[in-house]
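S.K.: pasting a predicted model and its sequence here:
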2 protein chains.
Amino acid sequence: MSQSLENRAHAPIGVFDSGVGGLTVAREIMRQLPRERIIYFGDTARLPYGSKSRETIIRYSRQIIRFLQEKGVKAIVVACNTASAFALEQVRKEFILPMIGVVRPGAKVAAKTSKNGRIGVIGTEGTIGSQIYTRTIREHNPKAEVIGKPCPLLVPLVEEGWLKDPITVEIATRYLDFFLKSDIDTLIMGCTHYPLLRSTLRGILGDAVNLVNPAYETARSLKLMLEEQGLINDDGEEAGLKYQFYVSDAAEKFRNFANSILPCEIEEARLVHIEE
Amino acid sequence: MSQSLENRAHAPIGVFDSGVGGLTVAREIMRQLPRERIIYFGDTARLPYGSKSRETIIRYSRQIIRFLQEKGVKAIVVACNTASAFALEQVRKEFILPMIGVVRPGAKVAAKTSKNGRIGVIGTEGTIGSQIYTRTIREHNPKAEVIGKPCPLLVPLVEEGWLKDPITVEIATRYLDFFLKSDIDTLIMGCTHYPLLRSTLRGILGDAVNLVNPAYETARSLKLMLEEQGLINDDGEEAGLKYQFYVSDAAEKFRNFANSILPCEIEEARLVHIEE
């Protein structure tokens, strides 16, 4: 690395997800680290990741990180629970870039704040099947009881735009019913789409259950990581475009979705053939 | 081509889809053409196709047809409505293999059997957005009124296994409500997953609306095409494995789903890295 630490601090942060879900993480980074530049990649040609295998998710993540590395990012945020569950450990061994996933930050906060040690997790089949939340929570609270439930229909419901629809309430109620009987005091929204359903989930669970948003916790952990490594951009200097967006398919649709949830207006999402 | 026509008649038929949906087409081919061998490819690493762009679907279809061609198939069935809508016309120009899609057979039957010329089509965003059913139906009945409606949640509901669930009925009712007000007498199930919801759809629409199953019509058209080209396997000779299944991810999950809907037991689905 010929770059000085100061120059590297001005480099952008690479953030990726299977599609639009990771924008909830990008949004938190924009709020908590307003001076940082972001290069976001959404793998819209191959989404969703949640129903696919570990081997496939590792291969996809590796291709994307290589792309972001070539763009000169100073750190990687794996803004997808499934990729954090399946690929993060492996790709950390293959790349020298500092990396952070969305699982550990949420798991840690849940472990530390739960009073009765009974913690629920909702996510994709891949994330729940991997048991990664259970293992990570237990590193911080070995006695915690972790109850996971895959909720495969919630992502398509968000993508259909039925965020507060009675049907969404009905489906979410069926999934969450499981937890209402389990006396949990904390629920981790373990998929980056779910914060968009926060008020629906809150309405079903009531105020007794604390909802953990890994997107928020990840932005906090990212800030700490950048500070520790001297990589935070604290002189306010801006070089070039602040936020750049790349996708592997359907750029216009991505842009519309992004503009509905981000605090800033995206002018363009550029198309990349990531598999090549 | 050094193969004689007789040898080619003994070659298998290549069938592909984004995942398990095309198995409803394979099932009809097994029923209507019991002497034919089939090589099925399900692109489970990149499913679903329904929300992706024309350019991406053409690229994926081309890779799969190349793979099936190397396996020595005598014809290709594009057992996916989205790929039939976006890619068939293009790949026909690039390969010498005879090819058939699922759109034309269903569209033709609907055009010929509708009494009032008012035809509904349900499918993915891609299929409905392409307007291919409208164009194809009008080739057979220029005065037909074709009303399309994308139903993006029906595929995830089938994959969740909620085939006759009250929630599925509620969601399908909301989508179909549109048609109940439009005085259609025919509805095309324009996505290969939908025949698995046939009885739910029938319950909502009642008996006045004729449900067209493109899988059934495609197997019929395939038979005619093979007969016309002297490619039908009519001497009953069997060479090697009758049905072979390949997927790009999660072979075991595919095998389980396949065994729940096919008339035969699949012993193995082999994994292929199709993008390489």
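M.R.: Here it is on my side, so go on. For clarity, every value in this text was computed on a predicted model and none was experimentally measured. Numbers count the residues shown, from 1 in each chain, chains lettered A, B, ... in the order given.

S.K.: how far away is the residue lying closest to residue A:103 once chain neighbours are set aside from residue A:49?
M.R.: Nearest residue to residue A:103 in three dimensions, chain neighbours excluded: residue A:84, at 4.4 Å (C-beta to C-beta, 6 or more residues apart in numbering or on different chains). From N, CA and C alone the C-beta is placed, and that goes for glycine too. The gap separating residue A:84 from residue A:49 is 10 Å, by C-beta to C-beta, to the nearest Å.

S.K.: the two: who's more crowded?
M.R.: Legend: neighbour count by other C-beta atoms under 10 Å in any protein chain shown for residue A:84 and residue A:49, higher for residue A:84 (30 against 27).

S.K.: export the helix or strand where the more buried one lies as CSV, just CAs?
M.R.: Applying DSSP states H and E as the criterion places residue A:84 in helix A:81-86. Taking Å, rounded to 0.1, in the frame of the first residue of the first chain, the C-alpha atoms of helix A:81-86 are listed here in CSV:
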residue,chain,number,x,y,z
ASN,A,81,-27.3,-10.6,7.0
THR,A,82,-27.1,-13.6,4.8
ALA,A,83,-23.7,-12.6,3.4
SER,A,84,-22.5,-11.7,6.9
ALA,A,85,-23.6,-15.1,8.1
PHE,A,86,-22.2,-17.2,5.3
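
S.K.: run the chain-centre distance for it.
M.R.: When distances are taken as C-alpha atoms, centre = their mean, to the nearest Å, helix A:81-86 is centred 9 Å away from the chain's centroid.

S.K.: with stretch A:105-122 instead?
M.R.: Computed by C-alpha atoms, centre = their mean, the chain-centroid distance of stretch A:105-122 equals 17 Å.

S.K.: quick one: is it near chain B?
M.R.: No - on the criterion C-beta under 8 Å from any C-beta of the partner chain, stretch A:105-122 is out of touch with chain B, staying 14.5 Å away.

S.K.: what residues does chain A have near chain B?
M.R.: Checking chain A against chain B by C-beta under 8 Å from any C-beta, the hits are A:44-47, A:51-53, A:55-56, A:152-153, A:156-157, A:159-160, A:167, A:170-171, A:174, A:248-250, A:275.

S.K.: how about the helices in the stretch 151-276 of chain A?
M.R.: A:154-160, A:166-180, A:198-205, A:214-228, A:251-261 (DSSP state H, counting those that start in this stretch).

S.K.: return the most buried member of those helices.
M.R.: helix A:154-160 (a mean of 22; mean count of other C-beta atoms under 10 Å in any protein chain shown).

S.K.: neighbours of residue A:98, how many?
M.R.: Neighbour count for residue A:98, taken as other C-beta under 10 Å: 18.

S.K.: wait, doesn't it sit right on residue A:75?
M.R.: Yes - the pair formed by residue A:98 and residue A:75 meets the contact definition of C-beta atoms under 8 Å, at 4.6 Å.

S.K.: so what sits against both of those two?
M.R.: Shared contacts of residue A:98 and residue A:75, defined by C-beta atoms under 8 Å, 6 or more residues apart in numbering or on different chains, are found at A:225, A:229, A:231.

S.K.: so what's the second one up against?
M.R.: If you count contacts by C-beta under 8 Å, 6+ apart, residue A:229 has them with A:75, A:98.

S.K.: host element of residue A:77?
M.R.: strand A:75-78.

S.K.: other SSEs contacting that strand?
M.R.: When contacts are defined as 3 or more C-beta pairs under 8 Å, 6 or more residues apart in numbering or on different chains; DSSP states H and E, strand A:75-78 sits against strand A:13-17, helix A:54-70, strand A:99-101, helix A:214-228.

S.K.: export the ones you listed to CSV and tack on mean pLDDT?
M.R.: Output for those, formatted as CSV (pLDDT from 0 to 100):
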stretch, mean pLDDT
strand A:13-17, 98
helix A:54-70, 98
strand A:99-101, 98
helix A:214-228, 97
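
S.K.: same list (the ones you listed) but as CSV, adding distance to residue A:36.
M.R.: Shown next, in CSV, are these (distance: least, C-beta to C-beta, whole Å):
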stretch, distance to residue A:36
strand A:13-17, 6
helix A:54-70, 14
strand A:99-101, 13
helix A:214-228, 8
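
S.K.: and of those, who's closest to residue B:80?
M.R.: The closest of those to residue B:80 is helix A:54-70. By C-beta to C-beta, the value is 19.5 Å.

S.K.: what does that closest one contact?
M.R.: With contacts defined as C-beta under 8 Å, 6+ apart, helix A:54-70 is touched by A:14, A:16, A:39, A:41, A:43, A:46, A:49, A:76, A:78, A:82-83, A:86-88, A:90-91, A:94-95, A:97, A:99, A:126, A:130, A:246, A:272, A:274-275, B:45, B:248-250.

S.K.: same check on stretch A:245-262?
M.R.: A:19-20, A:23-24, A:26-27, A:30, A:39-46, A:67, A:196, A:265-266, A:268-275, B:51-53, B:55-56.

S.K.: apply 6 Å and report the result again.
M.R.: A:20, A:23, A:27, A:40-45, A:265-266, A:269-272, A:274, B:52-53, B:56 (C-beta atoms under 6 Å, 6 or more residues apart in numbering or on different chains).

S.K.: I'd like to know how far the most centrally placed residue in chain A sits from residue A:260.
M.R.: For chain A, the residue nearest the mean C-alpha position is residue A:79 (3.0 Å; C-alpha atoms, centre = their mean). Distance of residue A:79 to residue A:260, given as C-beta to C-beta: 17 Å.
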